[in-house]
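**Student:** I would like the atomic coordinates for the input below:
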Amino acid sequence: MKKSEIKLLIIFSLTTILVYSSQVFAQTPSTTPSPEANSFFNTALWQSIVVAVLSAVLAFITGYALAGISKKQGSGKKLSYSLLIENGLVKIEKNIREKVKVLYNSEEIENLYNISFNLENTGTTVIKAQEIRFEFPQEARILDFSFEPEPEQEMKAEKIESGLRSFEKKCKIGQIERGQSLGIRFTATSKSEIQEVKLHPYNESGDIEFTSRLVTKALSNRDQIARFLSLYIFYLVVPPIFYLLPFGLGEMMAGFTRFILLLSLFRLIVPFSEILADIVFRHWFSLIIRMKSLQDKDLT
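**Tutor:** Okay, the predicted model is just below:
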């Protein structure tokens, strides 16, 4: 079974459970027991199940479509980046540091840092005339600045040298299509440790979302699962409490609370299902590999 099929199956199952549980808990407890209450195969039960399944199908289609639309609309013009700073030299002990010299292009340096910057257009449309200025610590010296790999000619990526201080570098991207990426590499030296490189993006249109890949993923998998399960527990436990209120007020409050919680749950169904599908797919794949390795051992 493919990962996408597992995800769709999980989404449909969760939607069915939510819709059916909403119908069950929405019914106020009856004081007069029915003769058919003890029979599992009564007509009312099966009617309820059919209605729940049909409602789940409609809710599934609507929720999935809305999730896709909101995902599309929420992207817009968006650039996501990652920045990695690595020390290119082994640590030299203090007692022998004066006896060691490090040369870079015949130039003596104290420390060497490799900075990798990767940029990707994760939005839904092309972005033009994007500038990025890189600000290093003032005591740093930038030894090399290059594109890696060499960008496509159509991107019109270029370095800008004018109007910069010695510890700054700047580049301009003429055009970066949706899904296209650009890599920039720096080599720098500094007496003190380089812990940060400040980024200053600029675009004349002013409507570009420039975010780190760490920030792009707002919630971790653990947070998504915890939020979904917490809301579902509230959905089951909180609304029935309102039935203790008199004069029909409790039923109205319970219905309103259930509706709000249900909307919140539908928003989390797609990401929650993607996480579960990923977990199931990984375990399923590892199980297949394990079984295959055991079969190979038996054959040998």
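**Student:** Skip ahead from the helix or strand bottoming out on mean pLDDT in the chain and say which helix or strand is next.
**Tutor:** Sorted by mean pLDDT, DSSP states H and E, the helices and strands of the chain end with helix 43-75, the least confident at a mean of 53. Remark: after helix 43-75, the chain's next helix or strand is strand 78-87, criterion DSSP states H and E.
**Student:** Partner strands of that next one and their direction?
**Tutor:** strand 113-121 (antiparallel), strand 209-212 (parallel) (DSSP bridges).
**Student:** Remind me what the longest helix belonging to the chain packs against, helices and strands.
**Tutor:** Using DSSP state H to define each element, the chain has its longest helix at helix 249-299. For helix 249-299, the packing partners by 3 or more Cβ pairs under 8 Å, 6 or more residues apart in numbering; DSSP states H and E come out as helix 3-26, helix 43-75, helix 221-241. (Glycine included, C-beta is placed from N, CA and C.)
**Student:** Give me the domain ranges for this protein.
**Tutor:** 3-27+41-75+221-291, 78-207 (automatic domain parsing).
**Student:** Okay, now the unreliable bits of the stretch 151-300 of the chain?
**Tutor:** Low-confidence segments of the stretch 151-300 of the chain, defined by pLDDT under 70: 214-223, 278-279, 281-286, 289, 292-293, 296-300.
**Student:** 90 instead, please
**Tutor:** 190-195, 205-209, 211-300 (pLDDT under 90).
**Student:** what comes into contact with stretch 121-132?
**Tutor:** Residues from elsewhere that reach stretch 121-132 (Cβ atoms under 8 Å, 6 or more residues apart in numbering): 72, 75-80, 119, 160, 170-181, 199-205, 208-209, 216.
**Student:** Sitting in strands, which of those residues do you find?
**Tutor:** Using DSSP state E, the subset of the contacts of stretch 121-132 located in strands is 78-80, 119, 160, 170-176, 181, 199-202, 209.
**Student:** I'd like to know which of the residues you listed are buried.
**Tutor:** Burial by neighbour count, 16 or more other Cβ atoms under 10 Å: within the ones in strands among the contacts of stretch 121-132 this picks out 78-80, 119, 170-171, 173, 175-176, 181.
**Student:** Alright, I will stop here.
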